[in-house]
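K.L.:
return a 3D structure for these sequence lines:
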Amino acid sequence: MTSENLHGLRDRISPLHEANISVLGDKDVPIASFGGAGQSLLGNVLLELGLNYADAYTERLLPDGTSRPAEEHNEWRQRLAASHTKDSEQAPRSGRRRWPRFVKTHLPPEYFTNRPLLGAWVLIRDPRDALYSRYRFRVEYAQDPADIAAGSFENWLRLPGPAGLNPIDDWNHFYDSWLVNPSGKPSHAVSRFEDLKAEPSETLRPALQEFGITPNPRDILAAFERSSFSAMLTHEERNSGSETSHRPKQRIMRKGKPGEWREWITPELMELFAPTQTVAGRYGYRITDV
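P.N.:
Residues are numbered from 1 along each chain as shown. Below is the predicted model:
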């Protein structure tokens, strides 16, 4: 694979993630989302609920349902409140379920076709907000030279990434491929980020019921409260590295404000996002709205 094709895949596939895929079994559920869709929020909520959520990019998954943090990603993990708490536990939290194990991924479904999964869970966000959030992360936190070289969000949207796809086409391919329940299992959930923010219990509870879990609505609301932007930002502020002249202090956490695209959209950007309407429309979005 050429360096050009690797651009954009570096944060989606790694030797660690590949090794973790080989461990997945019939009680595992990949949570598939494109970068910027808000999986940090969902993962934090699941951990706050005492469920088993593992980040396949920063943990080593074991066949018995447990996982161990990968030391090389400690700096990242300590920034995320529930992940930091999980890593700090001397023993698994009392009452934390081992199964099903929910596993973060940003990969398309073909990577999982040979795994005997319990099912799959798709997390989606309005592509305008999701891709803008991803761009800000790539430029400000990851500080990827190729992304920075684009010079602007509009130029970045035109930049070829994995397999020659620009972010718009990549987003379309990702969510189009996950839409058809490629896990082949009866347990399959789809959650929209905007619905999780607006109606946490009404959105999360039926998704978890697909996988045999029926949490108390009060517990869901409490988990979302502990996973609020202010709570998670406060934690990150306390647990992030010091600012240096070489690398200014940057944050993972962003507000995750639904409809933020209305604050920066231009006619030129609206035209660029128009090709997402077909796929986004299948998930209930209207990209032509202003």
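K.L.:
pull the contacting residues for Val190.
P.N.:
By Cβ atoms under 8 Å, 6 or more residues apart in numbering, the contact set of Val190 is 121-122, 124, 207, 283. No exception for glycine: its C-beta is placed from N, CA and C like everyone else's.
K.L.:
quick check: beta-bridge partners of it?
P.N.:
In this entry, Val190 is beta-bridged to Val122, by DSSP bridges.
K.L.:
measure it to Tyr111 for me?
P.N.:
For Val190, the distance to Tyr111 equals 19 Å [Cβ to Cβ, to the nearest Å].
K.L.:
so for Ser133, what's the pLDDT?
P.N.:
Looking at Ser133, its pLDDT is 92.
K.L.:
can you tell me the helix or strand for it?
P.N.:
Secondary structure assigned from DSSP states H and E places Ser133 in helix 127-136.
K.L.:
check contacts around the residue positioned nearest the centre of the chain.
P.N.:
Taking Cα atoms, centre = their mean, the centroid of the chain lies closest to Gln39, which sits 3.1 Å from it. Residues near Gln39 by Cβ under 8 Å, 6+ apart: 31, 33, 104, 123.
K.L.:
could you do Asp55 as well?
P.N.:
Going by Cβ under 8 Å, 6+ apart, the list of residues near Asp55 reads 43, 77, 83, 103-104.
K.L.:
run the last query once more with 10 Å
P.N.:
By Cβ atoms under 10 Å, 6 or more residues apart in numbering, the contact list for Asp55 reads 16-17, 20, 39-40, 43, 61, 67, 69-70, 73, 76-77, 80, 83, 86, 103-105.
K.L.:
with Leu272 instead?
P.N.:
128, 131, 153-154, 157-158, 166-168, 266.
K.L.:
include neighbour count and distance to Glu260 when you put the contacts of Gln39 into JSON lines, please.
P.N.:
Listed next are the contacts of Gln39 as JSON lines, based on neighbours: other Cβ atoms under 10 Å; distance: Cβ to Cβ, whole Å:
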{"residue": "Ile31", "neighbour count": "24", "distance to Glu260": "22"}
{"residue": "Ser33", "neighbour count": "26", "distance to Glu260": "17"}
{"residue": "Lys104", "neighbour count": "23", "distance to Glu260": "23"}
{"residue": "Leu123", "neighbour count": "24", "distance to Glu260": "17"}
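K.L.:
ok, which pair from those residues is furthest apart?
P.N.:
Lys104 and Leu123 (9.5 Å; Cβ to Cβ).
K.L.:
overlap of the contact sets of the two?
P.N.:
31-33, 39, 42-43.
K.L.:
and the two most separated of these?
P.N.:
Ala32 and Gly43 (12.7 Å).
K.L.:
for those two, list the residues in contact with both.
P.N.:
Residues within reach of Ala32 and of Gly43 at once, by Cβ under 10 Å, 6+ apart, are 103-104, 123.
K.L.:
in PyMOL, how would I select just the buried ones from the contacts of Leu272?
P.N.:
Applied in PyMOL, the following selects the buried portion of the contacts of Leu272 according to 16 or more other Cβ atoms under 10 Å:
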select buried, resi 128+131+153+157+166+167+168
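K.L.:
among the contacts of Leu272, which lie within helices?
P.N.:
128, 131, 153-154, 157-158, 167-168 (DSSP state H).
K.L.:
would you list those in CSV and tack on distance to Asp176?
P.N.:
As requested, the ones in helices among the contacts of Leu272 are exported to CSV (distance: Cβ to Cβ, whole Å):
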residue, distance to Asp176
Arg128, 17
Leu131, 15
Phe153, 23
Glu154, 23
Leu157, 18
Arg158, 20
Pro167, 15
Ile168, 12
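K.L.:
how about the residues you listed, which pair is most distant?
P.N.:
Arg128 and Arg158 (15.3 Å).
K.L.:
following the helix or strand of the chain with the lowest mean pLDDT, which helix or strand comes up?
P.N.:
Across the helices and strands of the chain, the lowest-confidence element by mean pLDDT, DSSP states H and E is helix 3-6, at a mean of 33. Next in sequence after helix 3-6, counting helices and strands by DSSP H and E, comes helix 15-21.
K.L.:
what helices or strands is that following helix leaning on?
P.N.:
Taking 3 or more Cβ pairs under 10 Å, 6 or more residues apart in numbering; DSSP states H and E as contact, the helices and strands that helix 15-21 lies on are strand 28-32, strand 52-55, strand 59-61, strand 101-105.
K.L.:
could you dump that helix to CSV, C-alpha only?
P.N.:
Taking C-alpha atoms only, helix 15-21 is exported to CSV below (Å, rounded to 0.1, in the frame of the first residue of the first chain):
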residue,chain,number,x,y,z
PRO,A,15,-1.3,-3.9,13.9
LEU,A,16,-2.9,-3.7,17.3
HIS,A,17,-6.4,-3.3,15.9
GLU,A,18,-5.8,-6.2,13.4
ALA,A,19,-4.7,-8.4,16.2
ASN,A,20,-7.8,-7.5,18.2
ILE,A,21,-10.1,-8.3,15.3
